[in-house]
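**Q** pasting the sequence and the predicted coordinates here, then a few questions.
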Amino acid sequence: MNLIRKYFENLIYPERNFETPRLGFKEAMLLSWPFYIFSRIILLFLIFLSLKNLSSIQELGSIAELRPFIEKLDFVAGMKFATSMVSLGILFFPLTLFAEFVVWRFIFRSLSYFTNIEFKEDEDEYLIASGFSSHILTIIPFLGPLFQGFWQCYQFVRNLTLYFHQHIALSLLIVLFPYILKIGLYVILAIVLSMM
């Protein structure tokens, strides 16, 4: 019960995850999974409503521009596809979260060589696990994953600033480094492709 309270507390005070009881990766994953499942059920329901409305438009035949698309629409096939994709997402959520954990751990450990951050024992695990409490926000339809990503970055910055005593600009740079790297690679790819 203390870990569940710690999970919800980490949403607002992520730096408290370094106090006992500590929330590790396994606990954070197990507590995040139900919120992800709930968000996928909401998504499946919204897909169901969308497909149902499109099939009712097909019966009415009211929009002439959409007629070729709507005639090819098969409600049952669409629901089967959506259900299978959502089910696969739910099944592979722990693996996806583990991959995210490994990437963040690599980033924090790699960048700690350039800063004065020294991780004792499993402090990097607790830093990342506290950010996983942001998966609560995925239950918000449509914008939940976006809010979750922003809030997780905020939690990492807050932990690096308050617990590891880093300057806020350095903390932001560390947390935004993977995104900056990704944008840079896209720009290089666009330049190379435009030269061809």
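**A** Thanks, I have the structure now. Residues are numbered from 1 along each chain as shown.

**Q** nearest residue to Gly78 other than its sequence neighbours?
**A** Leu51 (4.8 Å; C-beta to C-beta, 6 or more residues apart in numbering). For every residue, glycine as well, the C-beta is placed using N, CA and C.

**Q** my read is that the one you found contacts Phe75, right?
**A** Yes - Leu51 is in contact with Phe75 according to C-beta atoms under 8 Å; the separation is 5.3 Å.

**Q** who has more neighbours, the two?
**A** The residue with more neighbours, out of Leu51 and Phe75, is Leu51; 18 against 14, by other C-beta atoms under 10 Å.

**Q** list the contacts for that one?
**A** Leu73, Phe75, Gly78, Met79, Ala82 (C-beta atoms under 8 Å, 6 or more residues apart in numbering).

**Q** low-scoring stretches of the chain, by residue?
**A** 54-74 (pLDDT under 70).

**Q** top helix in it by residue count?
**A** In the chain, assigned by DSSP state H, the helix with the most residues is helix 25-60.

**Q** if we go by neighbour counts, what in that one is buried?
**A** 25, 27-29, 31-32, 35-37, 39-40, 42-44, 47, 51, 57-58 (16 or more other C-beta atoms under 10 Å).

**Q** same question, stretch 144-162
**A** 144, 148, 151-153, 155-162.

**Q** with distance to Leu181 and secondary structure added, can I get these in a markdown table?
**A** Putting the buried residues of stretch 144-162 into a markdown table (distance: C-beta to C-beta, whole Å; DSSP: H, G, I helix; E, B strand; the rest coil) gives the following:
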| residue | distance to Leu181 | secondary structure |
| --- | --- | --- |
| Gly144 | 25 | helix |
| Gln148 | 21 | helix |
| Trp151 | 21 | helix |
| Gln152 | 17 | helix |
| Cys153 | 14 | helix |
| Gln155 | 20 | helix |
| Phe156 | 16 | helix |
| Val157 | 17 | helix |
| Arg158 | 22 | helix |
| Asn159 | 21 | helix |
| Leu160 | 18 | helix |
| Thr161 | 21 | helix |
| Leu162 | 25 | helix |
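
**Q** which one among those gets closest to Pro14?
**A** Gln155 (4.1 Å; C-beta to C-beta).

**Q** dump the buried residues of stretch 144-162 to a markdown table, plus distance to Tyr179.
**A** Output for those, formatted as a markdown table (distance: C-beta to C-beta, whole Å):
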| residue | distance to Tyr179 |
| --- | --- |
| Gly144 | 19 |
| Gln148 | 15 |
| Trp151 | 15 |
| Gln152 | 12 |
| Cys153 | 8 |
| Gln155 | 15 |
| Phe156 | 12 |
| Val157 | 13 |
| Arg158 | 17 |
| Asn159 | 18 |
| Leu160 | 16 |
| Thr161 | 18 |
| Leu162 | 22 |
